[in-house]
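*Asks:* here's my sequence, what's the structure:
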Amino acid sequence: MVSARSASAKDARARHAARIDDLISRMTIEEKAGQLSLFNDPFRFRPQEINPVDKDGDPARLAEMIRKGEVGSLFNGVGAAGARTIQDIAVKESRLGVPLLFAADVIHGLFTVFPVPLGEAAAWDAGLAERTARAAARESAASGIHQTYAPMVDVGRDQRWGRVVEGAGEDVFLGSVLAAARVRGFQGPDLTAKDAVLATPKHFAAYGAAEAGLDYNTVDMSEQRLRGVYLPPFKAGFDAGALSTMSAFNEVNGVPATGSEWLLTDILREEWGFEGYVVSDFTSGEELIAHGFAEDGRDAARIALLAGVDMSMVSGLYNAHIPDLVARGDVPLAVVDRSVRRVLGVKAALGLFDDPYKGADVEIERREVNAGEHHALARKAGRKSVVMLKNEGDLLPLPKTGKRIAVIGPAADDDVFGPWTIWGDRSRAVSLESGLRAALGPDALLTFVRGADPEAAIVGGVEAAVAAARAADVVILAVGESTPMSAEAQSRAEIVVPEPQQALAEAVKAVGKPTVVLLRTGRGLALKGAIRDADAILVTWFLGSQHGHALADLLFGDHAPQGRLPISFPHVSGQQPFHYDHKPTGRPADPAPPREEYRTQFREAPHSAAFAFGHGLTYGRVTYGPTQTSTATMPWDGRLEVAVDVSNAGRVAAEETVQLYVRDRVARLTRPVRELRGFRKVRLAPSETRRVAFEIDRTALLYMGPENRWTVEPGEFDVWLAPNAQAGEPARFELTR
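*Replies:* Now for the predicted structure:
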């Protein structure tokens, strides 16, 4: 089925088809290469640290290239007034007047910053993801941006990888749901609208499977795993209307993704019918040389273009080499024209031929940037993203009066945006300290002691922290990662809280006061000692502009936690890569003691998560009855109801996320121990029981089969309705033909 937004974009391209054909017929080969070339925007403010090199920092040189038609797009510049000035050069001073496309890395908000994508994924809320992307799009579109290099839809199953923070976690189903939601949010119902930006699902493909979680590293896997695990979120994003994608840095089975015709043409275009354009990642075309896949820059340009990379980011290889490649017959002119037509088609779909100054209205910019409704949404998104791992003795929520609270640790500071926040308005960032003080007022019995830096001890820090803990009734330990620890190029061999903070926690916990851990992180961590054993643990991620207010809302009970882990938290770092939907093996481990030898397990840790995918507590006391099926068999073309009674025995209302898992017990390819196939949120008043039912059909049981097609065979299946991927007992049914 073609979505309304896809139909609208197709109509826009069709209306401009004759114009595009005419432009291509009149372009020189240098102008065609220019349309396929993307450079940094040196005209508008752009921080210098977001990428490893800056090859295009001279505005005068870029302006002259634009006049000559040698630039098709610019990226990572922001500002409506500047957009108009730059677009004037392209539209009024170049020979053909083709408008520029302005792109940017708007990953989780522009000036108003929302939770990092992994954190927001913990809300398990597609509607929320769509709304935050919509708000980010409104600010971006008003600030002279036409395209965002988001969402990142790589499945991330190795928490050592720094870029886990940019995605939706380890699960295919949840990742696909959120990929589609974020595309819908960025693009809106009409790409030509002034508040729409082009979405770019990335990185195509399988970047999240880099060996050892090491950024930019090799990927080698079966085609079944690639198609069954790593490609579905991309397909979901394209089905939602995305007209751009970014090729990945990594190789896949010996071929760098940026040079893979199989990925970028055979699968993406011929199988899936993708009609947009492919942009390389930052210099990934040039990096074909370092991969040992191209001899030099000319060869790299040839390989990337023939593979299906329509636009080269930053390297300048297309400008430098396309004219000669075509002249010598190494690249057919038709291939170049095809890519130019794709790029111009997307510009048409964005409405840039009708309104090249889209995004260049300072009045709209003034109204949209940092709008109050965006910050209200950021606060709500922050609350919904927090995951409560434990709450022994109902320590939380804390009372607002009468308790002396010591907040100890470096995560009480204003490092709240997280990675890939380029333009976030730091004057509007609410730290944990600011949020708690605002919630409790000027007479609050609050003490703040840093105690340690994220990765270094502070002289006298532990002693000051211990003294503060002794004087307090309750301790809040604000610990975890800083922004630079969880980002691109920040792979970690040990995914633990850094030792200076661990030592701080051990000393403070030894005082014996009730302790709440607020864990700031962009990945799943292996918790130990005083942090793991704290009375209560909240995974707070990086919540964005309203970080402190969102946490105060939860800590003092104005709202209740409802987040669920989108990733597994391991017992120890050495379990990586770990994901809940692993295969059973021929010698499956029994999680129940005593430990049995010669099973799939480590000597030092069980083959399970310390905190499972899907886990998260509320301030209620939620229990599940047995999973029930309406019948013992599901006909091949029929349906089956799966239901469970969910109760709240607590004194506080709870929002529970009921999760549907299935297992194919016998198939032509071995299947995981369980796989998520649906989820539903249900609100439970105190003492309330509700029956939660799902209706499933054969499509919920499909897997990527040996012919590399989605399939399923008749046979027995287990099904769970459970609070997480390690809970509950299954019901069983048979699929019959």
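
*Asks:* show me where pLDDT drops low in the chain?
*Replies:* Residue ranges of the chain with pLDDT under 70: 1-10, 12-13, 45-56.

*Asks:* contact partners for the one residue sitting closest to the centre of it?
*Replies:* Among the residues of the chain, residue 167 comes closest to the average C-alpha position under Cα atoms, centre = their mean, at 2.1 Å. Contacts of residue 167 were listed using Cβ atoms under 8 Å, 6 or more residues apart in numbering, and they are 117, 118, 121, 151, 152, 153, 154, 155, 156, 175, 208. The way it works is simple: take the backbone N, C-alpha and C, and place the C-beta from them, glycine included.

*Asks:* quick check, nearest of these to residue 451?
*Replies:* Sorting these by distance to residue 451 puts residue 118 at the head of the list, at 26.1 Å, by Cβ to Cβ.

*Asks:* for that closest one, give me its contacts.
*Replies:* Applying Cβ under 8 Å, 6+ apart, one finds that residue 118 lies in contact with 156, 164, 165, 166, 167, 168, 169, 522, 523, 541, 566, 567.

*Asks:* any idea how far it lies from residue 569?
*Replies:* From residue 118 over to residue 569 the distance is 12 Å, taken as Cβ to Cβ, to the nearest Å.

*Asks:* now do the contacts for residue 205.
*Replies:* Counting by Cβ under 8 Å, 6+ apart, residue 205 makes contact with 226, 230, 231, 234, 248, 252, 257, 263.

*Asks:* what's stretch 418-428 in contact with?
*Replies:* Under the criterion Cβ under 8 Å, 6+ apart, residues 46-47, 50, 76, 78, 104-105, 107-113, 115-116, 119, 162, 165-166, 370, 375, 414, 417, 483-484, 486-488, 490, 522, 541-542, 544-545 lie in contact with stretch 418-428.

*Asks:* for residue 604, see how far away residue 574 is.
*Replies:* Between residue 574 and residue 604 the distance is 7 Å, computed by Cβ to Cβ.

*Asks:* mind listing the residues bridging to the spatially closest residue to residue 671 that is not a sequence neighbour?
*Replies:* Spatial nearest neighbour of residue 671, chain neighbours left out: residue 664 (4.2 Å); criterion: Cβ to Cβ, 6 or more residues apart in numbering. Taking DSSP bridges as the rule, residue 664 bridges to residue 717.

*Asks:* helices of the stretch 451-600 of the chain, start to end?
*Replies:* For the stretch 451-600 of the chain, the helices defined by DSSP state H, counting those that start in this stretch occupy 461-470, 499-509, 529-532, 547-555.

*Asks:* and those helices, which is most packed in?
*Replies:* Burial of the helices of the stretch 451-600 of the chain is given as mean neighbour count (mean count of other Cβ atoms under 10 Å); helix 547-555 ranks first at a mean of 26.

*Asks:* if you tally nearby residues, what's the number for the nearest residue in space to residue 675 that is not next to it in sequence?
*Replies:* Counting by Cβ to Cβ, 6+ apart, residue 581 is the residue found nearest to residue 675 once chain neighbours are left out, at 5.0 Å. Here the neighbour count serves as a burial measure; for residue 581 (other Cβ atoms under 10 Å) it reads 21.

*Asks:* again with residue 523
*Replies:* A count of neighbours around residue 523, defined by other Cβ under 10 Å, yields 28.

*Asks:* for it, give its distance to residue 610.
*Replies:* From residue 523 across to residue 610, the span is 14 Å (Cβ to Cβ).

*Asks:* please apply the same query to residue 637.
*Replies:* From residue 637 over to residue 610 the distance is 42 Å, taken as Cβ to Cβ.

*Asks:* try residue 296
*Replies:* If you measure residue 296 against residue 610 using Cβ to Cβ, the figure is 49 Å.

*Asks:* which one's more surrounded, the two?
*Replies:* residue 610 (20 against 13).

*Asks:* and the residue nearest to the more buried one when sequence neighbours are not counted, what are its phi and psi?
*Replies:* On the basis of Cβ to Cβ, 6+ apart, the spatially nearest residue to residue 610 that is not a chain neighbour turns out to be residue 571, at 4.6 Å. For residue 571, the backbone dihedrals are phi -70, psi -40 (criterion: degrees, to the nearest 10).

*Asks:* contacts only, for residue 571.
*Replies:* If you count contacts by Cβ under 8 Å, 6+ apart, then residue 571 has 526, 605, 606, 608, 609, 610 around it.

*Asks:* just the ones of the residues you listed in strands?
*Replies:* Assignment to strands by DSSP state E places the following of the contacts of residue 571 there: 609, 610.

*Asks:* let me know the closest of the contacts of residue 571 to residue 679.
*Replies:* Ranked by distance to residue 679 (Cβ to Cβ), the contacts of residue 571 are led by residue 609 at 17.8 Å.

*Asks:* for residue 541, which non-adjacent residue is closest in space?
*Replies:* Taking Cβ to Cβ, 6+ apart as the measure, residue 541 lies nearest to residue 119, with 3.0 Å between them; neighbours along the chain are not counted.

*Asks:* look up how far residue 331 lies from that neighbour.
*Replies:* Counting by Cβ to Cβ, the gap from residue 119 to residue 331 is 44 Å.

*Asks:* which of residue 574 and residue 604 has more neighbours?
*Replies:* More crowded of residue 574 and residue 604, by other Cβ under 10 Å: residue 574, with 14 against 9.

*Asks:* quick one, what contacts the closest residue to the more buried one other than its chain neighbours?
*Replies:* In space, and not counting its chain neighbours, residue 574 is closest to residue 602: 6.8 Å by Cβ to Cβ, 6+ apart. For residue 602, the contacting residues are 572, 574, 575, by Cβ under 8 Å, 6+ apart.

*Asks:* try residue 647
*Replies:* Each residue near residue 647 by Cβ under 8 Å, 6+ apart is listed here: 622, 623, 624, 625, 684, 688, 689, 690.

*Asks:* so who does the first one touch?
*Replies:* Pointing back at residue 622 there. By Cβ under 8 Å, 6+ apart, the contact list for residue 622 reads 646, 647, 648, 649, 650, 654, 656, 684, 723.
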